[in-house]
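Just to be clear, the model below is a prediction. Sequence and coordinates:
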Amino acid sequence: MSLIKFKSGNFVTQLSRDAGVLLTGIAILVVGASGVQAASGFDSCAARAASPFEPGFENVGVLLKDMNLSRAIQACTRAMEEEPDSLQVHAWLGRALWNDRQAQKAAPHLRISAQGGNFLAMTTLGNMMIDGDGVEEDPAAGAQMLLVAAEGGFAPAQNSYGLALDFGDGLEQNYVEASRWYRRAAVNGYPRAMSNIGLMYEDGLGLDIDLVAAFAWFEKAVAANDAAGQVNLGRMLDQGISTEVDYERAANLYEMAAEQGNLYGMNNLGLMYELGNGVEQDFQKAAGLYMQAADGGLSLGKYNLALSYINGAGVEQDVDRALELYTEAANAGHILSQYNLGVLYIEGEEVPRDYLEGYRWTIMAAEQNYPSAQNNIGFLLENGFGVEEDLPAAIKWFELAAAQGNELAINALQRINSAPATTPASGGKVK
């Protein structure tokens with residue numbers, strides 16, 4: 001049996017919600033007979049918490065990632081004191097509080113504004129209801145709220161409603177409709193939707209697979225400075241998908257995404273440094289980037305950092321720390337971490353051999369249809385390692401792995417099928 005541990009990068013999810021705002025145009029500064037006057041609390045709040053997707057505020061509004069949270073909350077709190085009945089101020093203050101991870105404080109402001117028909121509040125609150133973020137989880141009601149804002153032409157809501165359809169959050173999963181809403185948001189200039197429609201083309205979800213179109217949409221997202229677009233385009237260049245391999249540009253794109261705080265950008269840039277692709281090989285930089293991604297909660301970053309600790313690459317070898325990282329990622333459902341934990345316990349090189357523990361982690365990955373794990377479960381069942389010997393069950397797992405082209409499983413089935421059958425007194429068993 002061959003048990004393989006390997007690094008992994010180039011994963012990015014579609015799930016990323018944002019909120020904008022719908023307003024009528026207002027002035028940021030008031031000009032009177034004596035000249036320019038100081039901005040009111042309302043105007044200061046708008047300048048710090050409005051969205052660039054609001055008509056008339058394209059050059060004034062701020063993206064969530066660029067918002068100065070303390071100043072935005074301070075300005076909008078002052079505006080709320082001046083205009084406590086303003087639906088717009090409620091929406092802006094809610095947006096700023098939510099962006100500061102104060103979802104429970106944001107919710108009352110967003111409810112007031114959403115009830116008055118403000119699309120910003122509907123979008124932010126709808127996302128919160130789908131995720132159960134600071135409010136009672138209610139995906140169906142959240143999706144319906146997003147639909148109202150999306151039908152009103154609000155690009156962030158169109159993207160979020162597409163996500164709800166894409167992942168079946170409060171709605172029946174529908175890739176075709178999801179792709180349509182992503183396209184509407186993308187045409188309306190929403191960068192993350194450009195990346196999402198690219199992924200739909202790449203994966204053939206709701207659309208025919210078209211790698212050229214995917215590449216083009218990712219390019220549009222990159223031009224709009226979208227971090228997910230940067231990671232996805234970098235991945236295509238890194239792997240030579242629909243284009244020639246260009247490690248240098250891929251590394252540059254990953255770095256741009258990492259500088260925006262994108263965890264996948266950090267992880268993938270780390271992999272480039274580890275392999276020396278597009279950058280000078282540097283194991284310490286690689287481990288540092290994996291550490292940033294892991295500290296941000298990215299399971300893939302934890303997985304790669306665990307391998308660095310196992311191999312002592314860029315960090316001092318620390319098997320215990322590697323086990324901690326693997327376990328965190330594995331418990332979060334990360335297939336490769338589950339598989340590698342199983343490998344460690346089955347091989348018994350870095351940790352004491354424990355077939356039962358090896359089986360426990362490997363079966364998790366096997367049940368997620370990972371062929372190498374399916375082969376290893378077959379191996380354990382065939383030999384009775386950690387579990388009761390069960391050849392029919394072993395054959396089932398070998399067949400599942402072989403159907404996905406796993407050579408070890410194919411060889412195991414050939415060996416089993418060519419072995420002579422015996423009929424012991426206790427019953428028939430093929431070995």
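Structure received.

First residue to last residue on stretch 221-228, what's the distance there?
For stretch 221-228, the first-to-last residue distance is 8 Å (Cα to Cα, to the nearest Å).

Need the residues that contact that stretch.
By Cβ atoms under 8 Å, 6 or more residues apart in numbering, the surrounding residues in contact with stretch 221-228 are 12, 14, 16, 189, 191-192, 194-196, 198, 229-230, 232-233, 253, 256-257, 260-262, 264-265. (Each C-beta comes from the backbone N, C-alpha and C, glycine too.)

If we use 6 Å, what do you get?
Stretch 221-228 has contacts (Cβ atoms under 6 Å, 6 or more residues apart in numbering) with 12, 191-192, 194-195, 229-230, 233, 257, 260, 262.

With neighbour count as added columns, please give these in a markdown table.
A markdown table is the format used below for the contacts of stretch 221-228 (neighbours: other Cβ atoms under 10 Å):
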| residue | neighbour count |
| --- | --- |
| Val12 | 25 |
| Pro191 | 24 |
| Arg192 | 27 |
| Met194 | 28 |
| Ser195 | 30 |
| Gly229 | 28 |
| Gln230 | 29 |
| Leu233 | 29 |
| Ala257 | 29 |
| Gln260 | 17 |
| Asn262 | 25 |
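
For the stretch 51-200 of the chain, which segments are assigned as helices?
Counting by DSSP state H, counting those that start in this stretch, the stretch 51-200 of the chain has helices at residues 69-82, 87-99, 103-115, 119-131, 139-151, 155-167, 175-187, 191-203.

would TSV of these with distance to Ala373 and mean pLDDT be doable?
Below are those laid out as TSV (distance: least, Cβ to Cβ, whole Å; pLDDT from 0 to 100):
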stretch	distance to Ala373	mean pLDDT
helix 69-82	43	96
helix 87-99	39	96
helix 103-115	37	97
helix 119-131	30	96
helix 139-151	31	98
helix 155-167	25	97
helix 175-187	27	98
helix 191-203	23	97
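
out of those helices, which comes closest to Leu63?
Of all the helices of the stretch 51-200 of the chain, it is helix 191-203 that lies closest to Leu63, at 9.0 Å by Cβ to Cβ.

After that closest one, heading C-terminal, what element do we hit next?
As assigned by DSSP states H and E, the chain's next helix or strand after helix 191-203 is helix 211-223.

Look up phi and psi at Leu207.
Per-residue torsions, Leu207: phi -140, psi 160 (degrees, to the nearest 10).

Same question for Leu205.
Residue torsions, per degrees, to the nearest 10, at Leu205 are phi -100, psi 110.

And for Gly56?
The phi and psi values for Gly56, taken as degrees, to the nearest 10, are phi 90, psi -10.

Quick one: neighbours of it, just the number.
Residues near Gly56, counting by other Cβ atoms under 10 Å, number 13.

can you list the contacts of stretch 221-228 in JSON lines and add distance to Arg95?
JSON lines is the format used below for the contacts of stretch 221-228 (distance: Cβ to Cβ, whole Å):
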{"residue": "Val12", "distance to Arg95": "25"}
{"residue": "Pro191", "distance to Arg95": "18"}
{"residue": "Arg192", "distance to Arg95": "16"}
{"residue": "Met194", "distance to Arg95": "22"}
{"residue": "Ser195", "distance to Arg95": "22"}
{"residue": "Gly229", "distance to Arg95": "23"}
{"residue": "Gln230", "distance to Arg95": "24"}
{"residue": "Leu233", "distance to Arg95": "29"}
{"residue": "Ala257", "distance to Arg95": "24"}
{"residue": "Gln260", "distance to Arg95": "19"}
{"residue": "Asn262", "distance to Arg95": "21"}
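
ok, of those residues, which one's closest to Ala114?
The closest of those, once distances to Ala114 are taken by Cβ to Cβ, is Arg192, at 21.6 Å.

What distance do you get for the closest one to Gln230?
Note on Arg192: its distance to Gln230, by Cβ to Cβ, to the nearest Å, is 12 Å.

hmm, back to that, now the helices of the stretch 51-200 of the chain in a markdown table, with distance to Glu399?
As requested, the helices of the stretch 51-200 of the chain are arranged in a markdown table below (distance: least, Cβ to Cβ, whole Å):
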| stretch | distance to Glu399 |
| --- | --- |
| helix 69-82 | 54 |
| helix 87-99 | 49 |
| helix 103-115 | 47 |
| helix 119-131 | 39 |
| helix 139-151 | 37 |
| helix 155-167 | 31 |
| helix 175-187 | 30 |
| helix 191-203 | 27 |
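
How many residues are close by Leu199?
By other Cβ under 10 Å, 21 other residues sit near Leu199.

The one 3 residues further on too?
Other residues near Glu202 number 22, with proximity taken as other Cβ under 10 Å.

One more: Cys45?
29.

State the distance from it to Ser86.
If you go by Cβ to Cβ, the gap between Cys45 and Ser86 works out to 9 Å.

ditto for Trp98
According to Cβ to Cβ, Trp98 stands 18 Å off from Ser86.

Repeat that for Arg48.
Note on Arg48: its distance to Ser86, by Cβ to Cβ, is 15 Å.

Show me which of these two is the more surrounded one.
Arg48 (23 against 20).

Quick one: residues contacting the spatially closest residue to the more buried one that is not a sequence neighbour.
Spatial nearest neighbour of Arg48, excluding adjacent residues (Cβ to Cβ, 6 or more residues apart in numbering): Ala72 at 4.0 Å. Contacts for Ala72 (Cβ under 6 Å, 6+ apart) come out as 48-49, 96.

which among the residues you listed gets closest to Asp210?
Ala49 (38.3 Å).

Report the contact partners of the closest one.
72, 76, 92, 95-96.

What separation do you get for the nearest residue to Asn262 once chain neighbours are set aside and Val135?
Leaving aside its chain neighbours, Asn262 sits nearest to Ala227 (3.9 Å; criterion: Cβ to Cβ, 6+ apart). Note on Ala227: its distance to Val135, by Cβ to Cβ, is 27 Å.

burial measure for the residue lying closest to Ala49 once chain neighbours are set aside, as a count.
Distances taken as Cβ to Cβ, 6+ apart place Trp92 nearest to Ala49, at 3.9 Å, with adjacent residues excluded. Residues lying near Trp92 (other Cβ under 10 Å) number 33.

surely Trp92 meets Ala75?
No: at 8.7 Å, Trp92 does not count as touching Ala75 under the criterion of Cβ atoms under 6 Å.

Shouldn't Ala258 be within a strand?
No: counting by DSSP: H, G, I helix; E, B strand; the rest coil, one finds Ala258 to be helix, located in no strand.

who's in contact with it?
Ala258 makes contacts with 265-266, 269, as judged by Cβ under 6 Å, 6+ apart.
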